[in-house]
Structures are given as structure tokens and as C-alpha cells.
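Asker: how does the following fold in three dimensions:
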Amino acid sequence: MDIMKLNNLTKLKDNRTNCYSLIFEMTIKDYLNLVEEIYKDKGGLKEQREPLKSSSAMRIRKQMVKDIKAGTVLPPIVLGLIVPEKEFDVIPEKENQQFAELISDVKNGNLTIIDGMQRTTALTEAIEEGASSDTQIRVEFWISIKLNSLIYRMLVLNTGQVPWNLRRQVETVFSTMINEMKTAIPEMEVYKVDDGNRRTQGGQYHANDLIELYLAFGGRKEKVDTKERLADEFTRLDFIEATENKDFADIFYKSLRTLAIVDIEFSKYQAPENENRFSNGKDLFKSQPARVGFITAISKKIYGRPGIEKSEGEILKSIEKVEETSSSLIERLSKMNNDELGDFLSLGTLSEKLSVKSSRVGDFEREFFTKAFDTLLDVGTDVPNMEVCWQSY
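Answerer: Numbering: from 1, shown residues only. This next block holds a predicted model:
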């Protein structure tokens, strides 16, 4: 890619989130080339946000395209950029073209659109209809060393605007998050949807399922509406409050690592016969409701139930307690032989409890596992076996 030309730099430091806000003028052509490169492995920009289907929304977009062709000035499109700490520290010293080199060299997944999906689509359509690609637009870059700061910015910027599925907001930055996860959790193996791999042991998960775990952890709810628009604004607010904490991502990664290690230990159990849905140890966290329940139970223990706001000191104490309980459990599991592990897991009881017919199986199982793992964290090292947890619902 040719180095783009950036003009009229405005640079401010956001001390609240430890980000830099940089606004440049650049050509539509340079902007679209930059964005196309970022999303070339994701099927194009138009899939990154749900299409606006209402007649009024379509009219607005059509008008936006018309205005662009007539030379209108759009509000700045906001991009998020993750950079190494050494690059972040020298931002105050950089000039226009040094930033152009930095942005042009960005790796896939480290640059994302925070605010401006529809404007980007409108720009693409305007160029296709004959608008000049040399027209200047303003683009704001939020630069940080931590993804969490960008997610916080994205959620705040989009609150109160055209409703946007919370899952899709997180998906736009999730490839960067996967990179962070792999570094923070070396025990975990992550598959993408098109990898074609299947789980053969504990600690292996599809990236798509991890998005739901992230949303459940941030919202402190086992029921995450991942398909419909986010109707419950309180869930969004709970999520914003959680991501406001600069350590939120690290806390989530530690919690996810706990899940992965417990999963690996559980998976060592091999049943003599595969009679039930949950027969072998690896079957437990093969279930997404079980994973959601585990991560939600940890989140509630750390942050409290939705609507409760703990102080930073209270959160730290809760983290210490959860880590102490989980470490003791993992150490205990690591010393068990196959028979002892089978007795502890009580998978026969679990299969019986979940054989109950329900019109909403997914919701029922998420509630069941959240309660079960909440009990495990409460009872801690005193739990004789998992039957106590399975019977708690």
C-alpha cells in the first residue's frame, strides 16, 4: 500500500482512558484503501454492521451519498488503533507523515472502525457513483496500547444513536482481542469458524463462542441477546461501567484462563462407556451454556450482581477470593486419578438434571450452570463433589 498523505494534524491526550486522539484530513481514496486492507479477510465492510432496512434509514443513506457527491463535509469517522507501548510513548514527538507510516504498517486486527460504519458504506457508494476519490475527509484515530480503552470509547460513542447490536460492536474489535487472549492464556487454543477444527480436548474453543463469554462477563448476565438488537439499555450500561475499569480486560482474561485450566483438568476423565450427553470430562465445557454459566458466576462474584457498583478495593478483594478458590480447586483436581475425578464430576447426576424438557433449553441450561458454578465458588474447597452444585438448581 502506498503511504497515505495526512494533513492538518490535531493531537490531544485523553488522560481518562490513556489514549491519544488524533484528527487528520486525508483523501477518501486513502481512507477506503486503509479500511479495505483491514477487512479483506472478513468479507467486506458492509457485513460489519447490520444493514439499515427501514425506508427512512435507506432514504437517509441515499441522501448522504447525494451530499457526498455534492461536496458535503462529513463528521469525522473514528478509528481505533492498538500500538506497541514503545510506539505509544513517542506519539507526542511524531509529525504527520510519521503517523502515516505507522498507520500504513498496522497489522490486521489492530485497527478498527469505532464510529462511522454507515458513513464508510456511503463513501464507497458515492465513489462508485462518480464522486471524486481525492476529496478530503476528516478521520479521528484513537490510539491506545490496550483494547479495553477502545471498547469503552466505542460503547460510549454509540449509546443513544441508531441501535446497534452490542455483539456486533464487540465483533469489530474482536480479532485484536483474540490476539491478546492467545498471549494472556497460552493454555487455550482458539479456532475460527472457517478453520473446520473440532474440539478434541479441554481448553479448545471457537472464537465466536468467546464473544458471548465476553459479553456475559461484562453484563454479568448468563442470558446474552446476541442475535437481536440490544433492547435492554441496562445491560449496555452495566457493560460500559465494567469496561470503564482499565483492568477489565485483564480480569476477563484471568477468568477465562481459569475456565480453560479447569476445563483441561476436567477433560482428563475418561468414562468406561459413553452413555449420556455428559459422559467424559471434556463433554462438560464442550457445552456453551456451561462455559457461559462458569464465566458469569465468576463475574458476579467479582463485580456483584447487575446494578450493584463495587469500589475498586472491594473488586480486588473479590478477585483474590475467586483466585484462591479456583487455585485450590485446580490443585485438588490435578491430584485425582481417573476414578476419583469421575466420582467428583458426578456427570450422571448432571445428565439427569438436564434431561428435563424445557421450551427454552438454552436459557434453562445457562441459568442452571450459573447457579451451579455460583455454588462451587461459594462452597469452595469444602465441596465434596460436583453433585452438590448440580443439585443447587
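Asker: only C-alpha atoms from now on, for both contacts and neighbour counts.
Answerer: Will do.
Asker: distance of residue 84 from residue 271?
Answerer: 47 Å (C-alpha to C-alpha, to the nearest Å).
Asker: strands of this protein, residue ranges please.
Answerer: 7-14, 19-27, 77-82, 111-115, 136-144, 189-191, 204-206 (DSSP state E).
Asker: just send those strands back as TSV, with mean neighbour count and mean pLDDT too.
Answerer: As requested, the strands of the chain are exported to TSV (neighbours: other C-alpha atoms under 10 Å; pLDDT from 0 to 100):
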stretch	mean neighbour count	mean pLDDT
strand 7-14	14	90
strand 19-27	20	93
strand 77-82	23	89
strand 111-115	23	80
strand 136-144	22	93
strand 189-191	18	87
strand 204-206	20	90
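Asker: any chance of these in a markdown table, with distance to residue 65 too?
Answerer: Output for those, formatted as a markdown table (distance: least, C-alpha to C-alpha, whole Å):
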| stretch | distance to residue 65 |
| --- | --- |
| strand 7-14 | 24 |
| strand 19-27 | 16 |
| strand 77-82 | 15 |
| strand 111-115 | 18 |
| strand 136-144 | 14 |
| strand 189-191 | 39 |
| strand 204-206 | 38 |
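Asker: can you say which of the ones you listed is nearest to residue 337?
Answerer: strand 204-206 (22.4 Å; C-alpha to C-alpha).
Asker: please name the nearest non-neighbouring residue to residue 329.
Answerer: Spatial nearest neighbour of residue 329, chain neighbours left out: residue 381 (6.3 Å); criterion: C-alpha to C-alpha, 6 or more residues apart in numbering.
Asker: picking up where we left off before, okay, residue 84 and residue 271: which has more neighbours?
Answerer: residue 271 (15 against 10; other C-alpha atoms under 10 Å).
Asker: how much space between residue 34 and residue 112?
Answerer: According to C-alpha to C-alpha, residue 34 stands 10 Å off from residue 112.
Asker: lowest-scoring secondary structure element of the chain by mean pLDDT?
Answerer: helix 166-171 (a mean of 58; mean pLDDT, DSSP states H and E).
Asker: next up, phi/psi of the residue of the chain most remote from its centre, please.
Answerer: Distance from the centre of the chain peaks at residue 70, with 38.6 Å (C-alpha atoms, centre = their mean). Main-chain torsions, residue 70, degrees, to the nearest 10: phi -90, psi 0.
Asker: and it, how far from residue 135?
Answerer: 11 Å.
Asker: and residue 34, by the same measure?
Answerer: 15 Å.
Asker: of the two, who's got more company?
Answerer: Between residue 34 and residue 135, counting by other C-alpha under 10 Å, residue 34 is the more crowded of the two (19 against 16).
Asker: can you pull the pLDDT of the more buried one?
Answerer: For residue 34, the pLDDT comes out at 88.
Asker: chain neighbours aside, what residue packs nearest to it?
Answerer: Nearest to residue 34 is residue 104, by C-alpha to C-alpha, 6+ apart, at 7.3 Å.
Asker: dump the residue contacts of the residue nearest to residue 297 when sequence neighbours are not counted.
Answerer: Spatial nearest neighbour of residue 297, chain neighbours left out: residue 374 (5.0 Å); criterion: C-alpha to C-alpha, 6+ apart. Residue 374 is in contact with 294, 297, 298, 301, counting by C-alpha atoms under 8 Å, 6 or more residues apart in numbering.
Asker: dump the residue contacts of the second one.
Answerer: If I follow you right, that is residue 297. Contacts of residue 297 (C-alpha under 8 Å, 6+ apart): 220, 370, 371, 373, 374, 377.
Asker: one more: the third one?
Answerer: Residue 298 makes contact with 217, 255, 322, 374, 377 under the criterion C-alpha under 8 Å, 6+ apart.
Asker: so the first one touches residue 294, yeah?
Answerer: No - contact between residue 217 and residue 294 fails when scored by C-alpha atoms under 8 Å: they sit 9.6 Å apart.
Asker: quick check: residue 390 vs residue 106, distance?
Answerer: Taking C-alpha to C-alpha, one finds residue 390 at 48 Å from residue 106.
Asker: same thing with residue 10?
Answerer: Relative to residue 106, and taking C-alpha to C-alpha, residue 10 is found at 20 Å.
Asker: residues near residue 103, how many?
Answerer: 18.
Asker: right, I mislabeled it, should have said residue 311
Answerer: 9.
Asker: from residue 99, how far out is it?
Answerer: 39 Å.
Asker: quick one, what contacts residue 362?
Answerer: residue 289.
Asker: mind listing the helices for the stretch 251-393 of the chain?
Answerer: Taking DSSP state H, counting those that start in this stretch as the test, the helices found in the stretch 251-393 of the chain are 288-303, 312-334, 338-345, 347-353, 361-379, 387-390.
Asker: okay if I get those as CSV plus distance to residue 91?
Answerer: Converted to CSV, the helices of the stretch 251-393 of the chain look like this (distance: least, C-alpha to C-alpha, whole Å):
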stretch, distance to residue 91
helix 288-303, 34
helix 312-334, 30
helix 338-345, 53
helix 347-353, 55
helix 361-379, 44
helix 387-390, 52
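Asker: where in this structure is pLDDT low?
Answerer: 1-2, 37-57, 107-109, 153-175, 193-197, 224-245, 357-359 (pLDDT under 70).
Asker: what is the burial count for the residue nearest to residue 351 when sequence neighbours are not counted?
Answerer: Leaving aside its sequence neighbours, residue 351 sits nearest to residue 278 (C-alpha to C-alpha, 6+ apart; 5.9 Å). When neighbours are defined as other C-alpha under 10 Å, residue 278 has 23 of them.
Asker: isn't residue 278 right up against residue 349?
Answerer: No - using C-alpha under 8 Å, residue 278 makes no contact with residue 349, being 9.5 Å away.
Asker: send the alpha carbons of stretch 213-222 over as PDB?
Answerer: What follows is stretch 213-222 as a C-alpha-only set of coordinates in PDB (Å, rounded to 0.1, in the frame of the first residue of the first chain):
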ATOM      1  CA  LEU A 213     -18.400 -15.200  27.100                       C
ATOM      2  CA  TYR A 214     -17.000 -11.600  27.000                       C
ATOM      3  CA  LEU A 215     -20.500 -10.100  26.800                       C
ATOM      4  CA  ALA A 216     -21.800 -12.300  29.600                       C
ATOM      5  CA  PHE A 217     -18.800 -11.300  31.800                       C
ATOM      6  CA  GLY A 218     -19.200  -7.600  31.100                       C
ATOM      7  CA  GLY A 219     -23.000  -7.700  31.500                       C
ATOM      8  CA  ARG A 220     -22.900 -10.100  34.500                       C
ATOM      9  CA  LYS A 221     -25.800 -12.000  32.900                       C
ATOM     10  CA  GLU A 222     -26.000 -15.500  31.600                       C
END
